[in-house]
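Enquirer: Build me a model:
(3 chains)
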Amino acid sequence: MEFGPDVGLEELCPVCGDKVSGYHYGLLTCESCKGFFKRTVQNNKKYVCAEQQECTVDKSQRKRCPFCRFQKCLHVGMRLEAVRADRMRGGRNKFGPMYKRDRALKQQRKALIRAGGFRTERGPPLLPSAHHRDLTFTGHFQPVPTLHNTPLLVAQNDHTSYQPPSLCSLLPSNSHGTTQYQCSPFSNWTIKSEHCAAGRATGLFSPQGPRMPQLVREFLRCDLDEVQLRKKITARLLQEQKRCEEQGNPSTFNLMCLMADQTLFSIVEWARTSIFFKQLKVSDQMKLLHSCWSELLLADIISRQVLYGKQGSVLLVTGHEMELSDVASHAGPTLASLIQRGQELVEKLHIQKVDRQEFACIKFLILFNPEVKQLEDHQFIESVQEQVEGALLEYTLDTSQLLGHFAHLLLCLSELRSLSRLAEDYLYSKHLSSEVPCNNLLIEMLHAKHSWA
DNA sequence: GTAGCCTTGACC
DNA sequence: GGTCAAGGCTAC
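Expert: Have a look, this model is predicted:
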C-alpha cells in the first residue's frame, strides 16, 4: 500500500480547526498551534483563564485565551515530552513510528471510504472474508454455562426494594468536563493507541496472546462481566416475579421488557465507568446514551448469541435458552420480522467469527457517535470515535489479515443500527397501546428520543 | 505573543 | 538525497 506524503494534511487542526501542516508533538496540528505549544512548554508559561475555563478555541478566537488553548492542546493529545529539553534541532524523535502507523491507518480508512464501506448506511458490500482466528484472551471473563431446561427464575440474592432510577440520577453530577484536561488519561490513550506498531517492540503489547492494541485491551477491561450481569438480572427478575405473583402471573412480554430494562441499567453503568465516557460532561453523556441506548441493547443481545448462543435458540441474559421457533410462533408479524432480521445478523457475525474484542470496540463505536446533535464536546467525541476505529481496524488487520473483515463489521453495525430503530418503533407502538410496563428506564429512553423527533 | 517561513539533522 | 518533525527567526 502506498502512503502519499500528504496523508492527513487535508484534515483540520484538532485544537483550532485551522489547516494542518503536519505532525507536531504527537498529532496532526496547524503551524500556529505547533508554535504555541512549543513556546508554552519551552518557556514554562503559566496562563490564567479570565472566564470559566471553557473558552471557545477556534481559528478566529485561539489568541483570546491561551489557558484554554493549552488545555485543549493537552486534551486532544499533544505531548509535552515531544518538546525537547535540550532544544536540539532536526532529527527524529521517538514518535516517528507512531506517525507512520497513524498515516497508514488514515490511508486505510480513506481506502475504505472510497470502497464505500465506511461510515455509510447504504454502501455496497465489500468482499466477504472467510477467515479463521484462534484468539486466546486471558482476562477475567468466564463463558456463560448453558442453563437449558432450568427454571426461569432461580437465583437467590438480596431482595432490596426496587426504585426505578432515571438516567440522570444514574449519571454522576460531579463528572468533569472540559476544564480537567491536564493529566487526563485521554492523551495517554491517544499515544498508546496510535503507538501500537512501535509498541510491539517497546513492551506495550503483552508477550503472551495475540497482538492486541492497548485500547482494545482497555475496552475489554471496561466490558460488562456476563456472569455478574446474569446474576444481577436474574435476582431482579426473581424479585419482580414474586411481586407479580401477588397480582397474578406476569406476561412473558412484561418479563422481557423487565429484562431489557435491567440490561439497560447495566449498560448505563458500563458507559458511566468506561474510559473516555467518564470524562464527558453529564449533558453529553445523557445525549449520547439517549441517542444510542437501543443500539447498545441490541448489540448486547446480538453479541450474546454470536459468542455463546446455539443455532436455533435464543440465549437470554439470564443464561436461559428459548427455542427460536417457540419465540417466533408467539410473536406478531412485526416482532417476528425483527427476530428474523436479528437472526440473520447473528448468522453474519457468526460466519465472520466476530469475537469479544471486536464487540467491545463496536459498543464504543456506537456510544461515541459524533453525529448526535448539540454535543458540547463534539471534537473530543469525534476524536474518540476515530481512535476506536483505528484500534478496531488495527486489531482486525492483525487477527484476520483482511481489510474486508473490518468493512464487514461496519456493515453489520449499519444493519444493527437500522434494526434498533425498528425495534424502538415497535416498542414505542407497544408503549402507546399500554403494553409496556411503565415507570422504567426503557420508557424514559423511549420518551427522550421521541421528544426530540 | 503570534504565526508563517526557514534551518537542521536523524532516518529511510 | 529526500523526507519531515523538531527548533529558530522575524515581521506583525
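Enquirer: Could you list the residues of the stretch 251-400 of chain A in contact with DNA strand B?
Expert: Proximity of the stretch 251-400 of chain A to DNA strand B, by Cβ under 7 Å from any atom of the strand, involves no residues. Using the backbone N, CA and C atoms, a C-beta is placed for each residue, glycine as well.
Enquirer: And the closest residue to DNA strand C within the stretch 251-400 of chain A, its phi and psi?
Expert: Across the stretch 251-400 of chain A, the shortest distance to DNA strand C (Cβ to the nearest atom of the strand) belongs to A:Gly390, at 16.7 Å. Phi and psi for A:Gly390, reported as degrees, to the nearest 10, are phi -60, psi -50.
Enquirer: and the residue lying closest to it once chain neighbours are set aside, what element?
Expert: Once flanking residues are discounted, A:Gly390 sits nearest to A:Leu105: 4.8 Å by Cβ to Cβ, 6 or more residues apart in numbering. A:Leu105 is part of helix A:96-115, with elements assigned from DSSP states H and E.
Enquirer: hey, what's the nearest residue to A:Gly309 once chain neighbours are set aside bridged with?
Expert: Nearest non-adjacent residue to A:Gly309, counting by Cβ to Cβ, 6+ apart: A:Leu315, 4.2 Å away. Listed beta-bridge partners, A:Leu315: A:Glu321 (assigned using DSSP bridges).
Enquirer: Next one: A:Leu315 from DNA strand B, what distance?
Expert: 48 Å (Cβ to the nearest atom of the strand, to the nearest Å).
Enquirer: need the contact list for that residue.
Expert: Contact analysis of A:Leu315 by Cβ atoms under 8 Å, 6 or more residues apart in numbering lists A:144, A:304-305, A:308-309, A:321.
Enquirer: What is the neighbour count of the residue in the stretch 51-200 of chain A that DNA strand B sits nearest to?
Expert: Across the stretch 51-200 of chain A, no residue is closer to DNA strand B than A:Gly90, which sits at 2.0 Å (Cβ to the nearest atom of the strand). Close neighbours of A:Gly90, defined as other Cβ atoms under 10 Å, add up to 4.
Enquirer: Now do the strands in chain A.
Expert: A:22-24, A:27-29, A:313-315, A:321-323 (DSSP state E).
Enquirer: Spatially central residue for chain A, please.
Expert: A:Phe364 (0.6 Å; Cα atoms, centre = their mean).
Enquirer: now that residue, nearest residue through space, not along the chain?
Expert: A:Val388 (4.6 Å).
Enquirer: Distance of the one you found relative to DNA strand B?
Expert: 27 Å.
Enquirer: Same check on A:Ile267?
Expert: 42 Å.
Enquirer: for A:Tyr47, same thing?
Expert: 8 Å.
Enquirer: how about that residue, what does it touch?
Expert: Here A:Tyr47 is in contact with A:40, A:65-67, A:70 (Cβ under 8 Å, 6+ apart).
Enquirer: Repeat the analysis, applying 7 Å as the threshold.
Expert: A:66-67, A:70 (Cβ atoms under 7 Å, 6 or more residues apart in numbering).
Enquirer: Scan the residues you listed and report the most crowded one.
Expert: A:Phe70 (25 neighbours).
Enquirer: so what's that residue closest to, chain neighbours aside?
Expert: Nearest to A:Phe70 is A:Thr40, by Cβ to Cβ, 6+ apart, at 5.3 Å.
Enquirer: ditto for A:Phe219
Expert: A:Ala360 (3.9 Å).
Enquirer: Ok, A:Leu298 next?
Expert: A:Ser420 (4.6 Å).
Enquirer: For A:Asp102, see how far away the one you found is.
Expert: Distance of A:Ser420 to A:Asp102, given as Cβ to Cβ, to the nearest Å: 32 Å.
Enquirer: same check, this time on A:Arg243
Expert: With Cβ to Cβ as the criterion, A:Arg243 and A:Asp102 are 54 Å apart.
Enquirer: Alright, calling it a day.
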